[in-house]
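In: need the 3D shape of this:
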Amino acid sequence: MEFRDYHVHLEQGPYTLEWIKRFLEEGVKKGVVEIGFSEHGHRFVQARDLWKSEGFRGQWTLKEATEDIDEYVKIVEKAKGLGLPVKLGIEMDYIPEYEDEIRDFINKYSFDYVLGAVHWIGDFGFDHPALINEWNLRDVDDTYREYFDILLKAIKSGIFDCIVHPDVIKVFGHRARCDLSQMYEEAAKTMKEMGLCAEVSTAGFRKPVGELYPAPLMLERFRKWDVPVMINSDAHRPEDVGRDFDKALDFVKSYGYDRFCFFDKRQKKFYKIR
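Out: Okay, here's the model as predicted:
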């Protein structure tokens, strides 16, 4: 089985062909024939105001925004021009109050695909290690409801091509006691209506939660509504490209999926699961 891995970050190294090739070389070992680089939007100077706030979110992302998106685009396009099997993507947080500005930013660049993510509930970066103790002050069920409310707005925004790690709210192992089935159902139904793809991410195996995103019941809803899926690693280092794809493949096949999604110039395409 040949795979594509469209959730890969360059940010722990330089924007060079040598660094890109290290990811590709590792991918070959695991049957990954194409890599989509999808740098976090908050890394770019040009996007720093899209996370602006008076609290932790604004302070942290201001420090993170050190890179030039034009340099990022240039190196990935150069790799494409040399015939390397890469795609140009971006992972963008959905911040409700900046929806229009996020859309305008995305439209300035010729991405092959745009990954949509929710990492923030206001100033609470629920997956940020520096804020883990804030979970002790929160009602877990209410926090899940807030997360899925923002996720639904992201889906409806029309900005994104794929929703990644769709239940990342569970990252530290905090489990809702309330019934999540209706939240899953609404997310899946709306993703189908909006023509979005869902990510099955192996990154959860490398986090405290220790399992794939999404949960089985959420993938069941995606299958019910015929939401297409892609398997991604969310790799931040070369050795994680394609990691645990065998487990993700078995998971997806168990729900009757027979194809994976990929993108070219924002157009959805498919390849067969074998």
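
In: below-threshold pLDDT in this protein: ranges please.
Out: Residue ranges of the chain with pLDDT under 70: none are present.

In: at 90 what do you get?
Out: For the chain, the stretches flagged by pLDDT under 90 are 274.

In: what distance do you get for Glu67 to Phe263?
Out: 23 Å (Cβ to Cβ, to the nearest Å). Every C-beta, even on glycine, is put in place using the N, C-alpha and C of the backbone.

In: correction: Ile90
Out: 12 Å.

In: so for the two, which residue has more residues nearby?
Out: Each of Ile90 and Phe263 has its neighbours counted (other Cβ atoms under 10 Å); Ile90 has more, 26 against 22.

In: which strands and helices sit next to the helix or strand harbouring the more buried one?
Out: Ile90 is part of strand 86-93 when elements are defined by DSSP states H and E. Secondary-structure packing of strand 86-93 (3 or more Cβ pairs under 8 Å, 6 or more residues apart in numbering; DSSP states H and E): strand 3-8, strand 32-40, helix 69-81, helix 99-106, strand 113-117, strand 259-264.

In: and the residue nearest the centre of the chain, how far is that from Glu34?
Out: In the chain, the residue lying closest to the centroid (Cα atoms, centre = their mean) is Val164, at 3.3 Å. Distance from Val164 to Glu34, counting by Cβ to Cβ: 17 Å.

In: repeat for Lys108
Out: 25 Å.

In: next: Val114.
Out: In terms of Cβ to Cβ, Val114 sits 17 Å off from Glu34.

In: more neighbours: which of the two?
Out: Neighbour count, other Cβ under 10 Å: between Val114 and Glu34, Val114 has more, with 21 against 17.

In: hmm, Gly158 and the more buried one touching each other?
Out: No: shown here, Val114 and Gly158 do not form a contact pair, counting by Cβ atoms under 8 Å, at 10.6 Å.

In: between the helices and strands packed on strand 86-93, which one is closest to Gln59.
Out: Closest to Gln59 of the helices and strands packed on strand 86-93, according to Cβ to Cβ: strand 32-40, at 16.5 Å.

In: now the strands: where do they sit in the stretch 101-250 of the chain?
Out: Using DSSP state E, counting those that start in this stretch, the strands of the stretch 101-250 of the chain run over residues 113-117, 120-121, 124-125, 162-163, 197-201, 229-232.

In: send the alpha carbons of the last one over as PDB?
Out: It refers to strand 229-232. Extracted C-alpha coordinates of strand 229-232, given in PDB (Å, rounded to 0.1, in the frame of the first residue of the first chain):
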ATOM      1  CA  VAL A 229     -10.800  10.600   5.000                       C
ATOM      2  CA  MET A 230      -7.100  10.900   4.700                       C
ATOM      3  CA  ILE A 231      -4.400   9.300   7.000                       C
ATOM      4  CA  ASN A 232      -1.800  11.800   8.200                       C
END
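
In: and that strand, which strands flank it?
Out: Strand 229-232 has its sheet partners listed here by DSSP bridges as strand 197-201 (parallel).

In: neighbouring contacts of the partner strand?
Out: Contacts with strand 197-201, where a contact means Cβ atoms under 8 Å, 6 or more residues apart in numbering, come from 7, 115, 161-166, 188, 191, 212-214, 219, 222, 227-234, 248, 251-252, 261, 263, 268.
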